[in-house]
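Colleague: Sequence below, structure please.
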Amino acid sequence: MKKMIDVDFGSSRYDELVELRYKVLLEPLGLKFLDSFRDKEISYLHIGCIESLDDKLVGGLILAPVNNHEIRLMQVAVDPIYQGEGVGSALVQYAIKRAKAAGYSKIIMHAMLSVVAFYEKLGFKQEGTLFEEQGITFAKMVKKI
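Modeller: Next comes the predicted model:
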């Protein structure tokens, strides 16, 4: 059984989440996690997915406030062993509920082309034109909540 949790910035669980994000999202692209970004994450909402049987962190994401109405969904990562089991969908659905409860009316994100269909199934819509960052093509996606 899996459960969603809020992860406190600077906690040991946060360190696990940073490591998971690096392993799943950055390392395969040859990118490094820069510690200088950690300070920016103090004001973000960090969400994790825990495998209840062994208390293992199997997924996570970040919600970063943009303004009083918008929040940005970032760094959605699921341990490869657990991919395809609905962890990503459950994380995003939980994040949508948390963002709405916090008073936000819109979630924005930048999705790699390989995951656009995944987010469309969760009600996100593409907005604007495709763009590149560090050689990777992204689509801006938006969901009103």
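
Colleague: from here on, contacts and neighbour counts on C-alpha atoms
Modeller: Fine.

Colleague: Out of the helices and strands in this structure, which is least certain?
Modeller: Least confident helix or strand, the chain: strand 131-133 with a mean of 90, by mean pLDDT, DSSP states H and E.

Colleague: That strand pairs with which strands, parallel or anti?
Modeller: Applying DSSP bridges to the sheet, strand 131-133 is found paired with strand 136-144 (antiparallel).

Colleague: And the least confident helix or strand of the chain, how far out from the chain middle?
Modeller: When distances are taken as CA atoms, centre = their mean, to the nearest Å, strand 131-133 is centred 18 Å away from the chain's centroid.

Colleague: all helices of the chain, in order?
Modeller: For the chain, the helices defined by DSSP state H occupy 12-21, 87-101, 116-121.

Colleague: Is it possible to get TSV of these that adds mean pLDDT, mean neighbour count and distance to Ser52?
Modeller: Converted to TSV, the helices of the chain look like this (pLDDT from 0 to 100; neighbours: other CA atoms under 10 Å; distance: least, CA to CA, whole Å):
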stretch	mean pLDDT	mean neighbour count	distance to Ser52
helix 12-21	93	18	14
helix 87-101	96	18	13
helix 116-121	96	15	25
